[in-house]
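**Student:** Provided below for reference: sequence and predicted model.
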Amino acid sequence: MKTLIGILLASCLLTACNTMAGMGEDVSSAGHAVTNAADDVKAKM
């Protein structure tokens, strides 16, 4: 029983890490879009 709980806990932790990595990439992509938009506005000024 302890082994099963350990396996389930480990799989949940690994899934959470993968999800956080994906979220970090999404936030980074949004940041690049904002930076590019700001650069475009600055170039037009």
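**Tutor:** Great, that's in hand. Residues are numbered from 1 along each chain as shown.
**Student:** mind listing the helices for the chain?
**Tutor:** Ranges of helices within the chain are 2-44, based on DSSP state H.
**Student:** Give me the residue ranges of it where confidence is low.
**Tutor:** 17-18 (pLDDT under 70).
**Student:** 80 instead?
**Tutor:** Judged by pLDDT under 80, the chain has its weakly predicted residues at 12-24.
**Student:** Distance of residue 32 relative to residue 13?
**Tutor:** Distance, residue 32 to residue 13, using CB to CB, to the nearest Å: 29 Å. Where you see a C-beta, it was placed from the backbone N, CA and C, and this is true even at glycine.
**Student:** Hmm, I typed the wrong one, I wanted residue 20.
**Tutor:** Applying CB to CB to residue 20 and residue 13 gives a distance of 11 Å.
**Student:** Please apply the same query to residue 2.
**Tutor:** From residue 2 across to residue 13, the span is 16 Å (CB to CB).
**Student:** out of those two, which sits in the busier spot?
**Tutor:** It is residue 13, of residue 2 and residue 13, that has more neighbours when counted by other CB atoms under 10 Å, with 10 against 6.
**Student:** Next, the contact list for the more buried one, please.
**Tutor:** Residue 13 sits next to no residue when contact means CB atoms under 8 Å, 6 or more residues apart in numbering.
**Student:** separation between it and residue 42?
**Tutor:** Distance from residue 13 to residue 42, counting by CB to CB: 43 Å.
**Student:** next one: residue 35
**Tutor:** Taken as CB to CB, the span from residue 35 to residue 42 is 10 Å.
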